[in-house]
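Asker: sequence-free structure coming up:
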C-alpha cells in the first residue's frame, strides 16, 4: 500500500509538470529562449503535454495494467491531467481511451473480468468513478489540487 501511494505521488508530480502550459514557464527562464529550437532544448519533450497521451497509452498496454499499482496511477493521471488531455486531444479521442479502460480494463461492474489488477479492488472502483462520469458528460471533474492555475 505504501509503495502504491509513493508511486502515485511521484506520477502525480511528473504529470503535473507535463501538464503545465509552456507559455507560463517561459517568463521564468533565463536566458529567454529566442527560437523554438532553444525552447526545445530547454524543455525536453518528455516534460511536455504531448507525453501525456503516450504515458496513458503506455500504462494501458500489457503487462502494466495487471500490476497492482496501475489503477491507482491511472486515477492519479486522470485527476491531474484529464482536462489537459481533453484540451490537447479532444473529448472524442480521450473518450475512446476511457471507454477501452472501462470495457476491457475493468469489465462490467461487479464482474471479475478485465485486464486491470484484480487484487486492487478499491483502486479499480476509484478508476471506475473517474471514468464513468467522463463518459456521461465528456469532462473530468475540476481538481482543487491544481493550485498553480490562477
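Answerer: Cool, the structure landed. Because the structure is a prediction, the values reported are computed rather than measured. Residues are numbered from 1 along each chain as shown.

Asker: helices of this protein, start to end?
Answerer: Secondary structure of the chain (DSSP state H): helices at 2-19, 22-25, 36-42, 50-59, 70-89, 91-100, 121-137.

Asker: can you list the low-confidence ranges for the chain?
Answerer: 110-112, 145-150 (pLDDT under 70).

Asker: out of the helices of the chain, which is the most enclosed?
Answerer: The highest mean neighbour count among the helices of the chain, using mean count of other CB atoms under 10 Å, belongs to helix 70-89: a mean of 22. From N, CA and C alone the C-beta is placed, and that goes for glycine too.

Asker: and that one, what does it pack onto?
Answerer: When contacts are defined as 3 or more CB pairs under 8 Å, 6 or more residues apart in numbering; DSSP states H and E, helix 70-89 sits against helix 2-19, helix 50-59, helix 91-100, helix 121-137.

Asker: could you report the neighbour count for residue 117?
Answerer: Neighbours of residue 117 under the rule other CB atoms under 10 Å: 19.

Asker: was I right about residue 58 contacting residue 64?
Answerer: Yes - counting by CB atoms under 8 Å, residue 58 touches residue 64, with 7.0 Å between them.

Asker: so residue 3 sits against residue 67, correct?
Answerer: No - if you go by CB under 8 Å, residue 3 and residue 67 don't touch, sitting 10.7 Å apart.

Asker: thinking again about what came up before, quick one: closest of the helices of the chain to residue 113.
Answerer: Ranking those by proximity to residue 113 (CB to CB) places helix 121-137 first, at 10.9 Å.

Asker: name the residue closest to the centre of the protein, please.
Answerer: residue 77 (2.5 Å; CA atoms, centre = their mean).

Asker: pull the contacting residues for that one.
Answerer: 11, 15, 52, 55, 56, 59 (CB atoms under 8 Å, 6 or more residues apart in numbering).

Asker: you'd agree residue 70 is up against residue 114?
Answerer: No - counting by CB under 8 Å, residue 70 does not reach residue 114; the two are 11.2 Å apart.

Asker: what would the helices and strands packed on helix 70-89 look like in a markdown table with distance to residue 27?
Answerer: Below are the helices and strands packed on helix 70-89 laid out as a markdown table (distance: least, CB to CB, whole Å):
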| stretch | distance to residue 27 |
| --- | --- |
| helix 2-19 | 17 |
| helix 50-59 | 21 |
| helix 91-100 | 30 |
| helix 121-137 | 33 |
